[in-house]
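> Curious how this folds, go ahead:
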Amino acid sequence: MLMRHIENHATHRQVELVETLRSQGGSARTSHLADVLNVSEETIRRTVKALAKTGMVQRVHGGVYLSNTEALDPIRSRLKKRTKAKGQIAAAAASMIPSGSCVFLDVGSTTAHVATGLRSHRDLTVVTNGIHAAQALVDNNDNQVFLAGGALHHVEDGTFGPETIEFIERFNIDVAVVSIDGFDCETGFLLSSAAEAALARVVTQRARRVLVVTDATKFGQSAPLIACQPTDVTAVLIDKLPDPIFHQKLNEWEIEVVIVPDPKIEKVL
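Predicted coordinates for the structure are as follows:
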């Protein structure tokens, strides 16, 4: 079992710098980062150099920007992108969740589509930190929807922090549906936000089954924070088969890979 701690994947300074870049819209000058983090510009340059080696950031003269800009898009924008693929993944995920389940849904845009796909289910207990997921299912088919409290993040339209985690820990979760920002063969599933990663690790450890919903572009993307232990993941639902090296690693971790739509069915059609 992979038991590496977050500190072994990214230093505290690296995580802090990435979080600051996210809050600044994805890019900032070196001098500004030094002021915000109360460190020298040389410290910022060393940290940026280390992060650049991972592919997480790109260096430019006098500044730095995040490579994975999709994670910075407001969720309202991401909900409108690749809607067909996300809808197909969502339908497949919903088919794996029986009525009467206790389900956790995170703030991801694909996860919001999963919430819509669950509207035909009955007697669900849904716990979420995402406003869009909660709105999709409230007052529908006798489903109970619990929106976790905490600090509201406007980019994700979701809540995060100790209060959020404490609330979610009260629930006996059957299925957790979570999203990711990246994946590598050494550490597995990755996120860009410390708050999202802290919540994801708690949820995936508690849930009986964990479904990761994502697209193939996230495989090979770098992010500084470990989202969960690979051994906690039941299945990955994805729009196309990832590169063989990633598929092999998922098989080694005994994670089911669900291609949506199924390429065998598409070929027949």
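
> wait, G130 sits on G158?
Yes: using C-beta atoms under 8 Å, G130 makes contact with G158 at a distance of 4.5 Å. Bear in mind the C-beta positions are built from the backbone N, C-alpha and C, glycine included.

> In terms of neighbours, single out the busier of those two.
Legend: neighbour count by other C-beta atoms under 10 Å for G130 and G158, higher for G158 (28 against 23).

> Tell me the secondary structure of T47, please.
helix (DSSP: H, G, I helix; E, B strand; the rest coil).

> burial measure for it, as a count.
22.

> same deal with C102?
18.

> For it, list the residues it contacts.
124-127, 171-175 (C-beta atoms under 8 Å, 6 or more residues apart in numbering).

> Quick one: buried ones out of those?
For the contacts of C102, a neighbour count by 16 or more other C-beta atoms under 10 Å gives the buried set as 124-127, 171, 173-175.

> Of those residues, which is the nearest to S31?
Nearest to S31 among those is V127, at 43.0 Å by C-beta to C-beta.

> circling back to that earlier point, switch the buried ones among the contacts of C102 over to a markdown table; also include distance to R22.
Output for the buried ones among the contacts of C102, formatted as a markdown table (distance: C-beta to C-beta, whole Å):
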| residue | distance to R22 |
| --- | --- |
| L124 | 32 |
| T125 | 32 |
| V126 | 27 |
| V127 | 25 |
| F171 | 28 |
| I173 | 27 |
| D174 | 32 |
| V175 | 29 |
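
> need the strands for the stretch 1-150 of the chain, in chain order.
27-29, 57-60, 63-66, 102-105, 125-128, 144-147 (DSSP state E, counting those that start in this stretch).
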